[in-house]
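Enquirer: give me the fold of what follows.
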Amino acid sequence: ELVLLGHIARIQPDLIIGFDPQGYYGHIDHIHLHRATIGAFWLAGNVMKAAPKRLFFPMRSRELVLKTKFDPDIFSVSEDSFAARFDVRPHAKTIRAALLAHRSQVGPESDWGNIERDWPGVLEEERFVLGGLRGSFPAMPVQDLLAGF
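Expert: Below you'll find the model as predicted:
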């Protein structure tokens with residue numbers, strides 16, 4: 001968390017996007033990074049003149065998670081929890097290529113080639129919940145993570 005805090009202090013972002021408490025799909029590295037990110041986000045207020053104002057987590061709706069192998073009671077949020085929503089269909093080809101380029105996830109036994117089947121909507125819409133906030137936030141959901149700055 002302190003190493004991450006050092007990077008945040010050096011970069012001085014207005015907002016941070018991290019993993020949700022369940023690591024998006026239960027990945028232990030993502031869960032640990034979530035914990036470090038939460039700590040660094042809040043500690044940044046003690047060490048930075050202009051600490052990040054918002055912390056976001058990508059999440060999925062119950063409706064989408066019900067179409068997967070994941071437990072919707074663990075890996076989803078209600079529709080009214082989304083602070084931001086984006087149509088990512090114009091970028092679907094690039095997103096798919098980026099996911100498939102994830103070396104630690106793609107290999108001979110990988111099922112990432114079936115990303116659209118296993119993760120319905122992943123190439124259609126990106127949704128975020130607020131994980132932390134300094135200051136105000138406009139009415140939800142917004143279509144710009146910097147809305148109201």
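Enquirer: are we agreed that Ile16 is in a helix?
Expert: No - the assignment for Ile16 by DSSP: H, G, I helix; E, B strand; the rest coil gives strand, which leaves it out of any helix.
Enquirer: do a quick rundown of the helices in the protein.
Expert: 2-11, 23-26, 28-47, 62-65, 72-75, 92-100, 115-118 (DSSP state H).
Enquirer: identify all contacting residues around the last one.
Expert: Just to be clear, that refers to helix 115-118. By CB atoms under 8 Å, 6 or more residues apart in numbering, the surrounding residues in contact with helix 115-118 are Thr68, Lys69, Arg96, Leu99, Leu100, Asp111, Val122, Leu123. Every residue, glycine included, has its C-beta placed from N, CA and C.
Enquirer: picking up where we left off before, can you put the helices of the chain in CSV and add mean neighbour count, mean pLDDT and distance to Gln143?
Expert: As requested, the helices of the chain are arranged in CSV below (neighbours: other CB atoms under 10 Å; pLDDT from 0 to 100; distance: least, CB to CB, whole Å):
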stretch, mean neighbour count, mean pLDDT, distance to Gln143
helix 2-11, 13, 94, 24
helix 23-26, 16, 89, 22
helix 28-47, 16, 95, 23
helix 62-65, 17, 92, 19
helix 72-75, 14, 95, 24
helix 92-100, 13, 86, 17
helix 115-118, 14, 74, 23
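Enquirer: tell me which of the ones you listed sits nearest to Gly131.
Expert: Using CB to CB as the measure, helix 28-47 is the one of the helices of the chain that comes nearest Gly131, at 6.9 Å.
Enquirer: just the CA atoms of that closest one, as CSV, please.
Expert: The C-alpha coordinates for helix 28-47 follow below in CSV (Å, rounded to 0.1, in the frame of the first residue of the first chain):
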residue,chain,number,x,y,z
ILE,A,28,-6.5,-13.4,-5.2
ASP,A,29,-4.0,-10.9,-6.7
HIS,A,30,-6.9,-8.6,-7.5
ILE,A,31,-8.3,-8.8,-4.0
HIS,A,32,-4.9,-7.9,-2.5
LEU,A,33,-4.6,-5.0,-4.9
HIS,A,34,-8.0,-3.8,-3.9
ARG,A,35,-7.0,-3.7,-0.3
ALA,A,36,-3.8,-1.8,-1.2
THR,A,37,-5.7,0.6,-3.4
ILE,A,38,-8.3,1.4,-0.7
GLY,A,39,-5.6,2.1,1.8
ALA,A,40,-3.5,4.2,-0.6
PHE,A,41,-6.6,6.2,-1.7
TRP,A,42,-7.5,7.2,1.8
LEU,A,43,-3.9,7.8,3.0
ALA,A,44,-3.2,10.0,0.0
GLY,A,45,-5.3,12.7,1.7
ASN,A,46,-2.6,12.9,4.4
VAL,A,47,0.4,13.2,2.0
